[in-house]
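J.: Okay, sequence plus prediction incoming.
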Amino acid sequence: MTTSLKLEDGKYLIAISDGMGTGPKERQSSKIAIKMLERLLSSGFDKDSSIELINSTLSASARRR
């Protein structure tokens, strides 16, 4: 899953999420990560905080499996 966005500072962000493994659950995780990134950035969060939040969320989710 990929996305590209123009940020408020005029720069562009390109993100690739390849999941953590293979299969439908991992593909869904990639989609969720990209959508979360798009929503956080469009809501005014800065890119570094957004990425840290998404990584923390995915790591916590992986530990519960």
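T.: Perfect, I can see it now. Numbering: from 1, shown residues only.

J.: in the chain, which ranges drop under the pLDDT threshold?
T.: Regions of the chain meeting the criterion pLDDT under 70 cover residues 19-20, 65.

J.: If we use 50, what do you get?
T.: Residues of the chain that meet the criterion pLDDT under 50 are absent altogether.

J.: Helices along the protein, start to end?
T.: Secondary structure of the chain, counting by DSSP state H: helices at 24-42, 47-64.

J.: Name all residues that make contact with the residue sitting furthest away from the middle of the chain.
T.: In terms of distance from the mean C-alpha position of the chain, G10 ranks first, at 20.0 Å (CA atoms, centre = their mean). Residues counted as contacts of G10 (CB atoms under 8 Å, 6 or more residues apart in numbering): none. C-betas here are computed from N, CA, C, even on glycine.

J.: Could you measure from K6 over to L13?
T.: Distance, K6 to L13, by CB to CB, to the nearest Å: 8 Å.

J.: between those two, who's got more neighbours?
T.: Using other CB atoms under 10 Å, the more surrounded residue of K6 and L13 is L13, with 15 against 9.

J.: How about the contacts made by that one?
T.: 3-7, 41, 47.

J.: Buried subset of those, written for PyMOL?
T.: Buried subset of these, written as a PyMOL selection, criterion 16 or more other CB atoms under 10 Å:
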select buried, resi 41+47
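
J.: ok, K31 to T3 distance?
T.: Taking CB to CB, one finds K31 at 10 Å from T3.

J.: er, I51 actually
T.: With distances taken as CB to CB, I51 is found 13 Å from T3.

J.: For the two, list the residues in contact with both.
T.: Common neighbours of I51 and T3 (CB under 8 Å, 6+ apart) are L37.
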